[in-house]
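[1] need a structure here:
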Amino acid sequence: MNKKTLVLGASLKPARYSNIAINRLVNYGLDVVALGLRDGIVAGVTIDTHLMPYKDIHTISLYLNPERQKAFYDYIISLQPERIIFNPGTENSEFQNVLRQAGIYFEEACTLVLLSTNQY
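    Numbers count the residues shown, from 1 in each chain. Alright, predicted model coming up:
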């Protein structure tokens, strides 16, 4: 099963973890879409700057701090992902309670570690 992943908070800057994650997800052979502040392309993935009605999202890998996440609560829930990964620095108990009520699984983990240990 291809775990189509949305990288939310994608960056064009190569040193950013979201950028590294896009590269590794693509190298891992996963279908990747990305949403960020600036449009561009990373590892062949177009970074969208507007909320897109993505279909069949399995995982959302969050790279937004808790304050910035608030504007995306409804959008994220509307995508009905199988899981959300709260990468280090994105942990958000308020949003996690919202997700729990919506029946959406989440975990506090690191996408890069999950990939490197074959736990993705």
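
[2] tell me which element the residue nearest to the spatial centre of the chain is part of?
    The centre of the chain sits closest to residue 61, judged by C-alpha atoms, centre = their mean, with a distance of 2.2 Å. Secondary structure from DSSP states H and E places residue 61 in strand 59-62.

[3] Give me the below-cutoff pLDDT ranges for the protein.
    Low-confidence segments of the chain (pLDDT under 70): 1.

[4] Name the SS class of the residue lying farthest from the centre of the chain, please.
    The C-alpha centroid of the chain is most remote from residue 101, which lies 19.8 Å away (C-alpha atoms, centre = their mean). Each residue gets one of three states, and residue 101 gets helix by DSSP: H, G, I helix; E, B strand; the rest coil.

[5] if I look at it, how far off is residue 77?
    Distance of residue 101 to residue 77, computed by C-beta to C-beta, to the nearest Å: 10 Å. Any C-beta I mention is one placed from the backbone N, CA and C, and that applies to glycine too.

[6] ok, now residue 31?
    Distance of residue 31 to residue 77, given as C-beta to C-beta: 21 Å.

[7] by contact count, what packs against whichever strand or helix holds residue 67?
    Element membership for residue 67 (DSSP H and E) is helix 66-69. Here helix 66-69 touches helix 93-102, going by 3 or more C-beta pairs under 8 Å, 6 or more residues apart in numbering; DSSP states H and E.
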